[in-house]
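Engineer: just the structure for this:
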Amino acid sequence: METLKCGKIEWVHIENPSKKDMEFLKKNFNFHPIILDELLQPSTRSRVERYNQYLFMPYHFPVYDRTIKNSRRAEIDFLITKNSVITVSYERLEAVQNMRGALLNNASMHVRVKSQGTGLLVYYLIQEIINFSLRQLRHVQEKIESVNSQLFKGTEDELLGYISHLKSDVLEYQIVTRPQQIILESLREIGEKFWGLKMKVYLTDLTGDFMKIIQLIELHKEAIDGLETTNAQLLNVKTNKVMQRFTVLAFLTFPLMLLVALLDIDAISRSMLGGPYDFWIIFGGVAIIVAVMSIYFKKKGWL
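Structural biologist: Predicted coordinates for the structure are as follows:
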């Protein structure tokens, strides 16, 4: 548990909450026991809820996990009073550490929170999470650029799996992110009543910044769909060429198969075979036919 103070404004952050932490909150704040029990594990709520003297807000955002090479859900829960902000996370979060460093080292931010209250502290915290989410999208941009650079290099088979994995990553990112629009709109509505009209511009700004994430995700999805379509077309052309060559090769072997079949007929074999040079005559004839057909197919562009 970490505590930072800006005058009368207090920020308490709890990481990996325990029953002991809940006892501390129960003793020092008038939070409902059901809320405290819920803080012991990730929440499924999707709205800001107002109680008598405080707000409860769960907030989810994507974190890129390099182990599974995909985005996953992270959560930070807010309990907000007029003088205190309690945040609870279930893992160490970069956004929280960045915010802590900013409050300790940025005197201007410290003074503003001290003078304007918990509303501004919540604004800065969510703003840092939104900025973190935007940074998390960089790996998607890098992957898109990597796929784009590999197009037309004959690696369509490898790119097919890579693009599918990239689509899955973006989809998971979107599934985690999209519902937070409801949270921020709810915060804007309830926050104005809780803190007053002075916070309206800040809460509206959060919604606007969040929409940048949504727009960027949509742009990435369009780019990935375009890359997937192009790669599929290239793969289709490549497959057609392979099938065409196999068809031509099968057709080239047809004279030999026909000749062998004819020579297997007794009447024809007795009338044509029997000389000392039969093998070479037959071989030469087949070779000439195959050579002529090969030249013809090359002129047509089939080989």
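Engineer: lowest confidence element among the helices and strands of the protein?
Structural biologist: None of the helices or strands of the chain scores lower by mean pLDDT, DSSP states H and E than helix 266-272, at a mean of 49.
Engineer: and Q141, what helix or strand is that in?
Structural biologist: For Q141, the host element (DSSP states H and E) is helix 138-150.
Engineer: buried residues, that helix. List them.
Structural biologist: H139, V140, K143, I144, V147, Q150 (16 or more other Cβ atoms under 10 Å). Yep, even glycine has a C-beta here, placed from its N, CA and C like the rest.
Engineer: surely the second one is in contact with S168?
Structural biologist: To tie it back to what came earlier, the one meant is V140. No. Counting by Cβ atoms under 8 Å, V140 does not reach S168; the two are 11.3 Å apart.
Engineer: quick one, domains of the chain?
Structural biologist: 2-238, 253-300 (automatic domain parsing).
Engineer: pick the most buried one from the ones you listed.
Structural biologist: domain 2-238 (a mean of 16; mean count of other Cβ atoms under 10 Å).
Engineer: can you give me the end-to-end span of that domain?
Structural biologist: By Cα to Cα, to the nearest Å, the extent of domain 2-238 from end to end equals 59 Å.
Engineer: could I get the average pLDDT for it?
Structural biologist: Averaged across domain 2-238, pLDDT comes to 88.
Engineer: could you say which helix or strand holds the nearest residue to W195 once chain neighbours are set aside?
Structural biologist: What sits nearest to W195 in space, not counting adjacent residues and going by Cβ to Cβ, 6 or more residues apart in numbering, is G119, at 3.9 Å. Applying DSSP H and E as the criterion places G119 in helix 118-136.
Engineer: any idea how far that helix is from the chain center?
Structural biologist: Taking Cα atoms, centre = their mean, to the nearest Å, the mean C-alpha location of helix 118-136 is offset from the chain mean by 21 Å.
Engineer: K167 in helix, strand or coil?
Structural biologist: Put simply, K167 is helix when judged by DSSP: H, G, I helix; E, B strand; the rest coil.
Engineer: nearest residue to it other than its sequence neighbours?
Structural biologist: The nearest residue in space to K167 (Cβ to Cβ, 6+ apart) is I224, at 5.6 Å.
Engineer: hang on, that neighbour in a strand?
Structural biologist: No. With three-state DSSP as the criterion, I224 is helix rather than part of a strand.
Engineer: for Q141, see how far away it is.
Structural biologist: 11 Å (Cβ to Cβ, to the nearest Å).
Engineer: what does S186 give?
Structural biologist: Taken as Cβ to Cβ, the span from S186 to Q141 is 30 Å.
Engineer: can you name the next helix or strand after whichever strand or helix holds I163?
Structural biologist: In this structure, I163 is located in helix 156-177 according to DSSP H and E. Using DSSP H and E, the helix or strand that follows helix 156-177 in sequence is helix 180-195.
Engineer: show me what that next one is packed up against.
Structural biologist: If you count contacts as 3 or more Cβ pairs under 8 Å, 6 or more residues apart in numbering; DSSP states H and E, helix 180-195 packs onto strand 49-50, strand 55-65, helix 118-136, helix 200-252.
Engineer: angle of it against helix 200-252?
Structural biologist: 180 degrees (axes from the mean of the first three to the mean of the last three Cα atoms, to 10 degrees).
Engineer: okay but L203 is in contact with E185, surely?
Structural biologist: No. Using Cβ under 8 Å as the test, L203 is too far from E185 to be in contact (9.2 Å).
Engineer: just to revisit the earlier point, run the chain-centre distance for the helix holding Q141.
Structural biologist: 12 Å.
Engineer: please begin residue numbering at 3 from this point
Structural biologist: Right, with 3 as the first residue, what we last looked at is helix 140-152.
Engineer: who touches that helix?
Structural biologist: Applying Cβ atoms under 8 Å, 6 or more residues apart in numbering, the contact partners of helix 140-152 are 66, 160-161, 164-165, 168, 171-172, 175, 222, 225-226, 229, 233.
Engineer: please repeat the previous calculation with a cut-off of 6 Å.
Structural biologist: Y66, L161, L168, V172, H222, A225, L229 (Cβ atoms under 6 Å, 6 or more residues apart in numbering).
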